[in-house]
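Novice: need coordinates for the below:
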Amino acid sequence: MLFITHAITGATIGLASGNPILGFILGFLSHHVLDAIPHFDQGSFYLSRDFRKPAWLGAEHHENGKKFKVMRDWAILLIDMASTSLLSLALLLGHPPSVWLLYIVGATGGLMPDILDASPFWKHRFRATKIGKFFHPIHLFFHWPLSSRFWHIGIATQVLIVFGGLFLMLGYLF
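Specialist: Residues are numbered from 1 along each chain as shown. Sure, this is the predicted structure:
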C-alpha cells in the first residue's frame, strides 16, 4: 500500500479511539489488514510474476532486488509522502494538540510496519535482527501487491480506502 493509505487509515483509527496507545496499536494492526487487500506500491514493479494472491491464500512472494534503484520509485515515494503531509496539515490546522496527538500516533502506528521492514535505508539491517527475523515473514504473509500490469486495480482499492477514511475522519474532526 502507499504511504497515504496507511497514514489516513491509522490517523482515522487514532482519532476514533481517543487513546494514543490504543490508536497506535490499532493503527499498527490496520497496516496488516490493509496489506491483505490487493494493492499497488513500488514493489509492484519488481514482482517476478503476476502476483494474484497473498501468502495467506497460498501464494509465494517473489520480488527481485532492484527496488529503489530507479528514480521512479523515489518519485512515487516523495510524492506520496508530500501529499500525505500536506493533506494531514490541512486537516489538522486549527485543531488542538490533543487532536494532533491522536492523529499522528495513529498514523505512525499505521506506517510503522513499513517504516521498520520496508525502508530502503535499513530494511536489511532490521531483518537481520531477532525482531526483524520474526516480523518480516508476518509482514509478507499479509502483503498482496499486484503486479504493475494491474496498477489500476491496486490504485482503485486505495482510493476507496482513503476516501472512506477521510469521510469517517471528518466526523471526528468537525
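Novice: tell me where this protein has helices.
Specialist: Under the criterion DSSP state H, the chain carries helices at the ranges 3-17, 20-35, 71-92, 97-117, 123-127, 130-142, 151-173.
Novice: adding mean pLDDT, write the ones you listed out as JSON lines.
Specialist: As requested, these are exported to JSON lines (pLDDT from 0 to 100):
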{"stretch": "helix 3-17", "mean pLDDT": "98"}
{"stretch": "helix 20-35", "mean pLDDT": "97"}
{"stretch": "helix 71-92", "mean pLDDT": "94"}
{"stretch": "helix 97-117", "mean pLDDT": "97"}
{"stretch": "helix 123-127", "mean pLDDT": "93"}
{"stretch": "helix 130-142", "mean pLDDT": "92"}
{"stretch": "helix 151-173", "mean pLDDT": "94"}
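Novice: quick one: closest of these to L47.
Specialist: L47 lies closest to helix 151-173 among these, at 11.3 Å (Cβ to Cβ). Just so you know, the C-beta spots here come from the backbone N, C-alpha and C atoms, and that holds for glycine as well.
Novice: need the helices of the chain in TSV with mean neighbour count, can you?
Specialist: TSV is the format used below for these (neighbours: other Cβ atoms under 10 Å):
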stretch	mean neighbour count
helix 3-17	26
helix 20-35	19
helix 71-92	14
helix 97-117	20
helix 123-127	15
helix 130-142	14
helix 151-173	15
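Novice: and G43, which of those is closest to it?
Specialist: Nearest to G43 among the helices of the chain is helix 71-92; the distance by Cβ to Cβ comes to 9.3 Å.
Novice: contacts for the closest one?
Specialist: 2-4, 7-8, 11, 42, 45, 67-68, 99-100, 103, 107, 169, 173 (Cβ atoms under 8 Å, 6 or more residues apart in numbering).
Novice: would you check which pair of those lies furthest apart?
Specialist: Within the contacts of helix 71-92, two members stand farthest from each other by Cβ to Cβ: F45 and V99, at 36.9 Å.
Novice: for L173, what are its contacts?
Specialist: Neighbouring residues of L173 by Cβ under 8 Å, 6+ apart: 15, 91, 95, 99.
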